[in-house]
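Q: Need a 3D model of the following:
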Amino acid sequence: MNGEIQQASNIVISARKALFENKKIVFTPSKYVLSIQFLFVPKFLCSKSVKANSVCEWFNVCLQRGLKDIKFVIPTNRENKHLLGFANTSQCVIVCFWKNGNISSFCPTWEFDREKEGWKINYNEQRMKKNPIIQNLHFSDQTDEFKEILLDIGKFAAVIEQPYFADIFHNAYESLCGSETIEDNNIPKQLPNDFISIYYAVDKADVFGGMGSWNDSPPYYAHQKGLDKEYNELSNELLVQLRYHLMYVANECWKHD
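A: Numbering: from 1, shown residues only. Okay, the predicted model is just below:
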């Protein structure tokens, strides 16, 4: 999974658990992260922007400002999938719902420090207009559709002689069926057990990126067999299912009835 998407979704998962339990947030950045900063929009025209230098500090400021709910949002489709492995291309946002009825989003920007060999991430807050679609975002468990695309694209990978990807899709499918042993450090510790297999499947089947990815050699092999249309249709549907179910996991976990 793209690190940008993984971090933002994991922040939301951790924040939702903290809100649900009314406790402090627990979040551990990846080893390749040098710093995470959050810049809040000033409350008033004459006031200064507030900066938080960690996820914990950011969450505390959010609580002070009346955080009511939080969600992870990302587009479910992208025309140019070759860019999906790069930083600052995911268009994912953390959406905050405040007790006064306002809504704002935190958009990440990743910058690589070559000297220290790590990433500096800045989340900038932007005010959002009240939008019924955003306010009423709801996701349901649609793993049957997820399983179907994993089976279909797995068979397709075998047809175009890409056994490595066929195995990836098969393993993701098996995890959804409960027959795959899940031992993965990439799974956030704050995630409830009911969502682990779905998160694991999303992480494993997210094969979009640059060199060595599903965007690299597979299109060429599909073209050789005259299967360009099938490759594009299956790839589009896989991306939709991956992103939908990541939003399902992030936004439906730790939810009050």
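Q: where does the stretch 1-150 of the chain dip in pLDDT?
A: 44-46, 79 (pLDDT under 70).
Q: residue ranges of the helices in it, please?
A: Remark: helices of the stretch 1-150 of the chain, listed N- to C-terminal, are 3-21, 55-64, 132-135, 143-159; assignment by DSSP state H, counting those that start in this stretch.
Q: out of those, deepest packed?
A: Across the helices of the stretch 1-150 of the chain, the average number of neighbours (mean count of other Cβ atoms under 10 Å) peaks for helix 3-21, which reaches a mean of 22. In this view, the C-beta of every residue, glycine as well, is placed from N, C-alpha and C.
Q: packing partners for that helix?
A: The contact analysis (3 or more Cβ pairs under 8 Å, 6 or more residues apart in numbering; DSSP states H and E) places helix 3-21 against helix 55-64, strand 67-73, strand 93-98, strand 103-113, helix 228-252.
Q: Just put those in JSON lines and tack on distance to Phe156.
A: Output for the helices and strands packed on helix 3-21, formatted as JSON lines (distance: least, Cβ to Cβ, whole Å):
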{"stretch": "helix 55-64", "distance to Phe156": "39"}
{"stretch": "strand 67-73", "distance to Phe156": "29"}
{"stretch": "strand 93-98", "distance to Phe156": "32"}
{"stretch": "strand 103-113", "distance to Phe156": "32"}
{"stretch": "helix 228-252", "distance to Phe156": "6"}
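Q: Nearest to Ile160 among those would be which one?
A: Shortest distance between Ile160 and the helices and strands packed on helix 3-21, using Cβ to Cβ, is found for helix 228-252: 7.6 Å.
Q: picking that back up, closest one to Ile13 among the helices and strands packed on helix 3-21?
A: Nearest to Ile13 among those is helix 228-252; the distance by Cβ to Cβ comes to 5.5 Å.
Q: and the angle for that closest one with helix 3-21?
A: Helix 228-252 and helix 3-21 meet at an angle of 30 degrees, taking axes from the mean of the first three to the mean of the last three Cα atoms, to 10 degrees as the criterion.
Q: So for helix 228-252, what gets flagged as buried?
A: In terms of neighbour count (16 or more other Cβ atoms under 10 Å), helix 228-252 has its buried residues at 230-231, 234-252.
Q: Next one: the nearest residue to Trp98 once chain neighbours are set aside from Ser104, what distance?
A: Spatial nearest neighbour of Trp98, excluding adjacent residues (Cβ to Cβ, 6 or more residues apart in numbering): Gly66 at 5.0 Å. Summarising the geometry, the distance separating Gly66 from Ser104, computed by Cβ to Cβ, to the nearest Å, is 12 Å.
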